[in-house]
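Undergrad: 3D model of this:
(2 chains)
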Amino acid sequence: MTQEMSVPRAGSSAMIGVEAWHPRRRIAWWTVVRHATLVFFMLIVLLPLFWVLLLSAKSLPDAYQRYVWPHLFVHPLWVNYEYAWQKIPTLRQNYLNSVLVTLGTIVCASVASVLGGYALVHLRTPAKNVVVALLVASLFFPTRVTALIGIYDVQSQLGLINKTWGLIFPYTALSVAISTFIMRGIFETVPREIVESAKVDGASSWRTLLQIVLPLVRNGIVVVVIVNFVAAWGEYLLALTLMNDLSRKTLPVVIATASGGMGAWVWPRLASVYIMAIIPGLVAFGISQRWFMRGLQEGALKG
Amino acid sequence: MAVVDRPFDAHLPGTTPRGQTGAVRALTKALLTWPYLIPILIFFIGWQIYPIFLALKVSFTDEQFLSGQAAHWIGFQNYTTVLRDHLFWLGLGRAAIFTALFVPGMIMIPMVLAVMIDKVGSNRIATLYRLVLLIPAMIPAPLIFLLWRWMYDLRIGPINYLLVDVLHLYTIQTQPQWLGDPHLAFFSLAIMEWWWGLGYHTMFFLAGLATVPRDLFDAARLDGANEWRLFWGITVPRLLPVILVLAVLRFGSAMAVIDEYLIMGAFDRTRPTYTWTVYMWDQAFGGGMQPRGYAAAIGWLGAIAMLIVVIGMFYLFRSRD
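TA: Numbering: from 1, shown residues only, chains lettered A, B, ... in the order given. Got it, this is the predicted structure:
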């Protein structure tokens, strides 16, 4: 964009000569302010996380002091990670619970939203507007809070209270509206002619989806996967309400309720569990960011 | 499905009038596309719509979960009690204060950042900014709250370390009690929420900016408009749809905030974080007999109050367009 800005000015400056210094310098000044602001916000994002990383390697006395840079690091640096992973009871189970529930939710939500988004955009499904209207309405209704008592009853009728994998259903339901809108936005970028011509060639709607449309919307699926990953990996309220035993709870609930500072949960250990809990999300995002960004640009946000 | 989806002509039995058969076939065909919607509907109806109405049903009973007694239908009694419950109105008011504090910043900061990122010349640097700003959006919600509980901590928190030990603006005795001070608590939480949504909302505005034609800016710039006037004259009006949608959506999420308050505020009724949502949870799943009928009524009345405002916002925004 800077190029676009400076090109006409450069042209005019050549003609007008000395006077052109003024606008040119102003542009440079804006650019500096812009980058300085953005770098400032980048630091605001990164520094707190760096602080936690640092905390996870601090020795115990340093961890309870005000100064940021410790006088003494633990040796080796990952000793708190080792301790937390091996010695804190149920932590590994909690981690596994989170992985299980998250994977289940991603699979359910992706399949449901791909099928649904396809039908809503490319098939002449009767009453699909009603479905869309209901999904939109759910975005503006505080479902998460109001439905909580009802969800408890549903899970209890199904015998899923205190069953970790049972969380997959309400988790998928929580993000099904947003996932479907993301997929709908992506499917709308697929030209109707492609679907129509496949139909004329005699392909069923199912084969059209699998062989022709699906490869075109893969960036959107990445967006859905990431959105559901974040939602399920970090869900708190339902996991807190529907699980009773510590060993059945998911990682975020355990971390959030382990009001730290004491015993097994001294700050540096809590910090190391913290880092272990955010790593999967950051790694998944790092790997998929290229497709994720493309998916967003392709219209995931317009849905 | 494979057969049904085929184009019409191939194997039509010629006995019935063509038009009618076509209509019937088209209808069958259309109905057979419904299986695609079934997975969404199972989840959406089973764990969203049905539970909402189940809660509605419960709200008309005197169900007390731990009492072990059958619930009785008591009509609107819960609702009339809730409407006279001081704590419910207080909780609604507290949620409204937080919302009023949170929503403007949640829109302004990301919008300004998006405009800045949009003007960055190098694609690589622009991508770097986007990626880094999106990092908080990838962190699980409860861990965001834990992180900021650390940031605000009075003993080890780096924010007060900066204010007291480095800048000497306060002393240990006068240092801001970010989460403990009832006047500061919502502000501290709003900062946390802004941090969390920074990249996510910036992406929304960047998507909106991508639809603004470039020549508009160039033309205005040739006419001598400066960046400030470009922002207010072109960017903001063009982004208005995004702003309005975000305002309504974030109003909804801010009024119904609960995890933050559960994690950071606990069940102290005198604290500002004891809003209607926490009140509902406390009644339904907290101590006592767990009067879920009463809690469900709180949940529904809170939802209705929010819906009234949302409908009002839609009405306002629509008439202005």
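Undergrad: The longest helix seen in chain A - contacts with which helices or strands?
TA: If you go by DSSP state H, chain A has its longest helix at helix A:21-55. On a contact count with 3 or more CB pairs under 8 Å, 6 or more residues apart in numbering or on different chains; DSSP states H and E, helix A:21-55 meets helix A:2-16, helix A:267-295, helix B:86-119, helix B:123-134, helix B:141-151, helix B:158-160, helix B:185-209. No exception for glycine: its C-beta is placed from N, CA and C like everyone else's.
Undergrad: now the closest residue to chain B within the stretch 51-200 of chain A, nearest residue through space, not along the chain?
TA: Nearest residue of the stretch 51-200 of chain A to chain B: residue A:150, at 2.8 Å (CB to the nearest CB). Nearest residue to residue A:150, sequence neighbours excluded (CB to CB, 6 or more residues apart in numbering or on different chains): residue B:51, at 2.8 Å.
Undergrad: residues touching the one you found, list them.
TA: The neighbours of residue B:51, taking CB atoms under 8 Å, 6 or more residues apart in numbering or on different chains as the test, are A:147-151, A:153-154.
Undergrad: and those, which of them are in helices?
TA: Counting by DSSP H, the part of the contacts of residue B:51 found in helices is A:148-151, A:153-154.
Undergrad: Just the buried positions in the helix or strand harbouring the residue nearest to residue A:150, please.
TA: Applying DSSP states H and E as the criterion places residue B:51 in helix B:50-59. Across helix B:50-59, burial judged by 16 or more other CB atoms under 10 Å in any protein chain shown covers B:50-52, B:54-56, B:58-59.
Undergrad: just to revisit the earlier point, now the element after the longest helix of chain A, going C-ward?
TA: Past helix A:21-55, the next helix or strand by DSSP H and E is helix A:60-63.
Undergrad: next SSE after that following helix?
TA: Where DSSP H and E defines the elements, the next helix or strand beyond helix A:60-63 is helix A:79-87.
Undergrad: ok, of the helices and strands packed on helix A:21-55, where does mean pLDDT dip lowest?
TA: Note on the helices and strands packed on helix A:21-55: lowest mean pLDDT is at helix A:2-16, with a mean of 40.
Undergrad: okay, now the residue nearest to residue A:245 when sequence neighbours are not counted: neighbour count?
TA: Distances taken as CB to CB, 6+ apart put residue A:162 closest to residue A:245, at 6.2 Å, once the chain neighbours are dropped. When neighbours are counted by other CB atoms under 10 Å in any protein chain shown, residue A:162 registers 15.
Undergrad: what secondary structure does residue A:162 sit in?
TA: With DSSP: H, G, I helix; E, B strand; the rest coil as the basis, residue A:162 sits in coil.
Undergrad: who's in contact with it?
TA: Contacts of residue A:162 by CB under 8 Å, 6+ apart are A:242-245, A:248.
Undergrad: With neighbour count added, can I get the ones in helices among the contacts of residue B:51 in JSON lines?
TA: Listed next are those as JSON lines, based on neighbours: other CB atoms under 10 Å in any protein chain shown:
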{"residue": "A:148", "neighbour count": "28"}
{"residue": "A:149", "neighbour count": "31"}
{"residue": "A:150", "neighbour count": "25"}
{"residue": "A:151", "neighbour count": "29"}
{"residue": "A:153", "neighbour count": "20"}
{"residue": "A:154", "neighbour count": "19"}
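Undergrad: Tell me the pLDDT of residue 50.
TA: Answering for chain A, as no chain was given. pLDDT, residue A:50: 92.
Undergrad: think we crossed wires, I meant chain B
TA: Residue B:50 carries a pLDDT value of 93.
Undergrad: Repeat that for residue B:319.
TA: 57.
Undergrad: just residue A:262 next, same as before
TA: At residue A:262, pLDDT is 62.
Undergrad: Name the residue closest to the centre of chain B, please.
TA: residue B:253 (2.7 Å; CA atoms, centre = their mean).
Undergrad: now for the helix or strand harbouring that residue, which elements pack on it?
TA: For residue B:253, the enclosing helix or strand under DSSP H and E is helix B:236-255. Using 3+ CB pairs under 8 Å, 6+ apart, the elements in contact with helix B:236-255 are helix B:86-119, helix B:185-209, helix B:292-320.
Undergrad: you'd agree residue A:135 is up against residue A:181?
TA: Yes. Here residue A:135 reaches residue A:181: they are 7.0 Å apart, a contact under CB atoms under 8 Å.
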